[in-house]
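**Student:** Here's my sequence, what's the structure:
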Amino acid sequence: MMMMMESLVYYRWQIITSVAVVYNLIVVVARSIFWKLHEHYMFHWLVTDYIADVIYVIDIAVNMRTGTIYNYYKRSLTASAGINVV
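**Tutor:** Residues are numbered from 1 along each chain as shown. Have a look, this model is predicted:
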């Protein structure tokens, strides 16, 4: 199954991965600075960290199923299930 990059599902998936990236950019740094916050809510941080990691692993699988073919006419074509990419 090929995921089309123009689909609404793909855009929503990109929003989910963006939230996970922003979480890691802000919260992980804040936890390293405010160590008491990290100690008091250790279980909650581990759960959200693992959820973000699962989102990243799923994103790797999703991005393997998307693809664009760049042709010589300076246009980008989306690879569908019927096109073989060599």
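**Student:** got a pLDDT number for Ile55?
**Tutor:** Looking at Ile55, its pLDDT is 95.
**Student:** Name the residues of the host helix or strand of Val21 that come out as buried.
**Tutor:** Element membership of Val21 [criterion: DSSP states H and E] is helix 8-33. For helix 8-33, the buried set under the neighbour-count rule, 16 or more other CB atoms under 10 Å, comprises Trp13, Thr17, Ala20, Val27, Arg31. In short, each C-beta sits where N, CA and C put it, glycine included.
**Student:** Show me how far that helix is from its chain's centre.
**Tutor:** Put simply, helix 8-33 sits 8 Å off its chain's centre (CA atoms, centre = their mean, to the nearest Å).
**Student:** tell me how far the helix or strand following it is from the chain's mean position?
**Tutor:** Following helix 8-33 in sequence order, the next helix or strand is helix 35-40 (DSSP H and E). Between the centre of helix 35-40 and the centre of its chain there are 27 Å (CA atoms, centre = their mean).
**Student:** How about residues contacting helix 35-40?
**Tutor:** Ala30, Arg31, Ser32, Trp45 (CB atoms under 8 Å, 6 or more residues apart in numbering).
**Student:** Distance to Ala61 and pLDDT added to the residues you listed, as JSON lines?
**Tutor:** JSON lines is the format used below for the contacts of helix 35-40 (distance: CB to CB, whole Å; pLDDT from 0 to 100):
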{"residue": "Ala30", "distance to Ala61": "29", "pLDDT": "87"}
{"residue": "Arg31", "distance to Ala61": "28", "pLDDT": "85"}
{"residue": "Ser32", "distance to Ala61": "30", "pLDDT": "84"}
{"residue": "Trp45", "distance to Ala61": "25", "pLDDT": "89"}
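**Student:** Thanks a lot, catch you later.
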